[in-house]
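build me a model:
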Amino acid sequence: MVQAGRNTPLIAALAGVLAALAAAPCAAASAAPAASTPTISVPVPTLPGFPVSFPTSDGWTISAQYRPAKKGLLTLVLIPGVGERRDVWSDLAHALVRAGYGTLILDLRGQGASTLGPDGKPVSWRQFSDVRDGNDFLGMSNDVAAAAVYLSSSAGVSISSVGFVGNGLGASLAVRYAAVHPEVPLTALLSPTLNGENVPIISALRAYGSRPILIAYSLSDRRVANAAPLIFAVAKLSAGAANATLVATHLPANYLFDRSTSDRILNWIETAPQAAQAAAVAASTAAAAGQVEISSPSADAPPASLPAPSL
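Now for the predicted structure:
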């Protein structure tokens, strides 16, 4: 029989050792630095210029980013597609600005920072309807018109020095504006569709006339790839073979955001007006020399009379 009194010191010593062993892992754990959670850094596209805003004729407030052009160069209005923010144009905008061009980059109504509706309440494009008698997307035409008014009235930029570049629905909006403003020098249509969001494009293309126009699309976007050849054919008939340019790429459908595509668009903007002017001079010279029949235009020449688009 073990006597408790005789073994009390031994028991106490063993208890102390066990307590020390139990405390050691906790101390080590508390001393060890906490494992850090890895941080993923996602770069946010930047845009040149400074933010501006202007009203539309139907009560919206449009937010945009503006960078003035160098003297003698065009200002390009960049129009995004449905659900896109203006920062999708980052690569092209920076390429244009490096070359001296001006940019006005829009957030269309209900998108990006342009969510202040006519009643002063926020509205999203997701709430829009594309019904024929009340098409909210067709109303975005007023945003493009308001951008032109801002440039002419507030920035002192003549519309004859403003080109338009649009993606998706923005392409339809761009050519619809240019069709009824013949002073617009050039228009670029990226990923255009025939009737996206019930905003038709063909009548505007037929009325566009003899000016440079670019149609660019991705072969991987089947809906656009099916429509682009017809869109280009109409554009070529209206603008003339010397003015119409087609660019097809095998890049993914978001090719708009690819730097190489931005460089190709920039190259076209830099060379299209000179090429069109040279072609016009050559045609005029040939006509004066009696080498061509002006009254009998070829299939590639624009028709003498074209109906205005129903805007």
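
show me the shaky parts of this structure.
1-44, 253-257, 276-311 (pLDDT under 70).

the host helix or strand of residue 172 packs against which elements?
For residue 172, the element it lies in under DSSP states H and E is helix 169-179. The helices and strands touching helix 169-179, judged by 3 or more C-beta pairs under 8 Å, 6 or more residues apart in numbering; DSSP states H and E, are strand 75-79, helix 141-153, strand 162-167, strand 187-190, helix 202-208. Heads up, the C-betas are built off the backbone N, CA and C, glycines and all.

can you add mean neighbour count and distance to residue 98 and give the ones you listed back as CSV?
Shown next, in CSV, are the helices and strands packed on helix 169-179 (neighbours: other C-beta atoms under 10 Å; distance: least, C-beta to C-beta, whole Å):
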stretch, mean neighbour count, distance to residue 98
strand 75-79, 26, 13
helix 141-153, 20, 21
strand 162-167, 26, 16
strand 187-190, 27, 18
helix 202-208, 23, 29
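
output the helix holding residue 172 as PDB, restricted to C-alpha atoms.
C-alpha atoms of helix 169-179 as PDB (Å, rounded to 0.1, in the frame of the first residue of the first chain):
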ATOM      1  CA  LEU A 169     -24.300  47.900 -79.900                       C
ATOM      2  CA  GLY A 170     -21.900  50.800 -79.800                       C
ATOM      3  CA  ALA A 171     -21.000  50.100 -83.400                       C
ATOM      4  CA  SER A 172     -24.700  50.500 -84.400                       C
ATOM      5  CA  LEU A 173     -25.000  53.700 -82.400                       C
ATOM      6  CA  ALA A 174     -21.800  55.000 -84.000                       C
ATOM      7  CA  VAL A 175     -22.800  54.500 -87.600                       C
ATOM      8  CA  ARG A 176     -26.400  55.600 -87.000                       C
ATOM      9  CA  TYR A 177     -25.000  59.000 -85.800                       C
ATOM     10  CA  ALA A 178     -22.500  59.300 -88.600                       C
ATOM     11  CA  ALA A 179     -25.100  58.500 -91.200                       C
END
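
tabulate the helices and strands packed on helix 169-179 (CSV), appending distance to residue 237.
Formatted as CSV, these follow (distance: least, C-beta to C-beta, whole Å):
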stretch, distance to residue 237
strand 75-79, 24
helix 141-153, 24
strand 162-167, 20
strand 187-190, 15
helix 202-208, 8
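
show me what contacts the residue nearest the centre of the chain?
Geometric centre of the chain, nearest residue: residue 80, 3.4 Å, by C-alpha atoms, centre = their mean. By C-beta atoms under 8 Å, 6 or more residues apart in numbering, the contact list for residue 80 reads 86, 88-89, 106-108, 111-112, 166-168, 170.

same check on residue 216?
188-191, 246-249, 261, 264-265 are the contacts of residue 216 under C-beta under 8 Å, 6+ apart.

any of those residues buried? List them.
188-191, 246-247, 249, 261, 264-265 (16 or more other C-beta atoms under 10 Å).

nearest to residue 99 among these?
Closest approach between these and residue 99, by C-beta to C-beta: residue 265, at 11.1 Å.

correct me, but the closest one touches residue 214?
Yes - counting by C-beta atoms under 8 Å, residue 265 touches residue 214, with 7.1 Å between them.

which neighbours do these two share?
In contact with both residue 265 and residue 214: residue 188, using C-beta under 8 Å, 6+ apart.

now residue 118, nearest residue through space, not along the chain?
residue 59 (3.0 Å; C-beta to C-beta, 6 or more residues apart in numbering).

and that neighbour, how many neighbours does it have?
13 (other C-beta atoms under 10 Å).

buried set for the host helix or strand of residue 224?
Here residue 224 sits within helix 222-239, counting by DSSP H and E. Applying a neighbour-count criterion of 16+ other C-beta under 10 Å, one finds 224, 227-228, 231-232, 234-239 buried in helix 222-239.
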